[in-house]
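Visitor: can't give you the sequence, but here's the structure:
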């Protein structure tokens, strides 16, 4: 349970950083209407939008990062529910 909690927390931090990067790219594109800085921000934004983060599992297969978050949220929700029923 402890490992699942730590992993879920780390994945949430990762997705928060990705979201902050997208917001930063949008704000840079709003400020700069043309130039190399806008092009770099636009490329970063497109890269985040088009290619979701993927994790390699021992170079055998790749998993989408969203699967980890969904799986750990399901497991932590189940654990919390079981703990609640135990103390009723």
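Guide: All right, it came through fine. This one's a predicted model, so the numbers in the text were calculated from it and none came from an experiment.

Visitor: phi, psi of the residue most central in space within the chain?
Guide: Nearest to the geometric centre of the chain sits residue 15, at 2.5 Å (CA atoms, centre = their mean). Backbone geometry at residue 15, expressed as degrees, to the nearest 10, gives phi -70, psi -30.

Visitor: isn't it right up against residue 69?
Guide: Yes - with contact defined as CB atoms under 8 Å, residue 15 counts as touching residue 69 (6.7 Å). For every residue, glycine as well, the C-beta is placed using N, CA and C.

Visitor: ranges for the helices of this structure?
Guide: Using DSSP state H, the helices assigned to the chain run over residues 2-31, 36-50, 65-86.

Visitor: Can you give the distance from the last one to the centre of its chain?
Guide: Average the C-alpha atoms of helix 65-86, do the same for its chain, and the two points are 17 Å apart (CA atoms, centre = their mean, to the nearest Å).

Visitor: Also the first one?
Guide: Computed by CA atoms, centre = their mean, the separation of helix 2-31 from the middle of its chain amounts to 6 Å.

Visitor: and the direction of it versus that of helix 36-50, what angle?
Guide: With axes from the mean of the first three to the mean of the last three CA atoms, to 10 degrees as the basis, helix 2-31 and helix 36-50 are set at 140 degrees to each other.

Visitor: can you check the last one too?
Guide: Here the directions of helix 65-86 and helix 36-50 differ by 60 degrees (the same axes, to 10 degrees).

Visitor: Now do helix 65-86, average pLDDT.
Guide: Here helix 65-86 scores 82 as its mean pLDDT.

Visitor: Packing partners of that helix?
Guide: Packed against helix 65-86 by the contact rule (3 or more CB pairs under 8 Å, 6 or more residues apart in numbering; DSSP states H and E) you find helix 2-31, strand 54-57.
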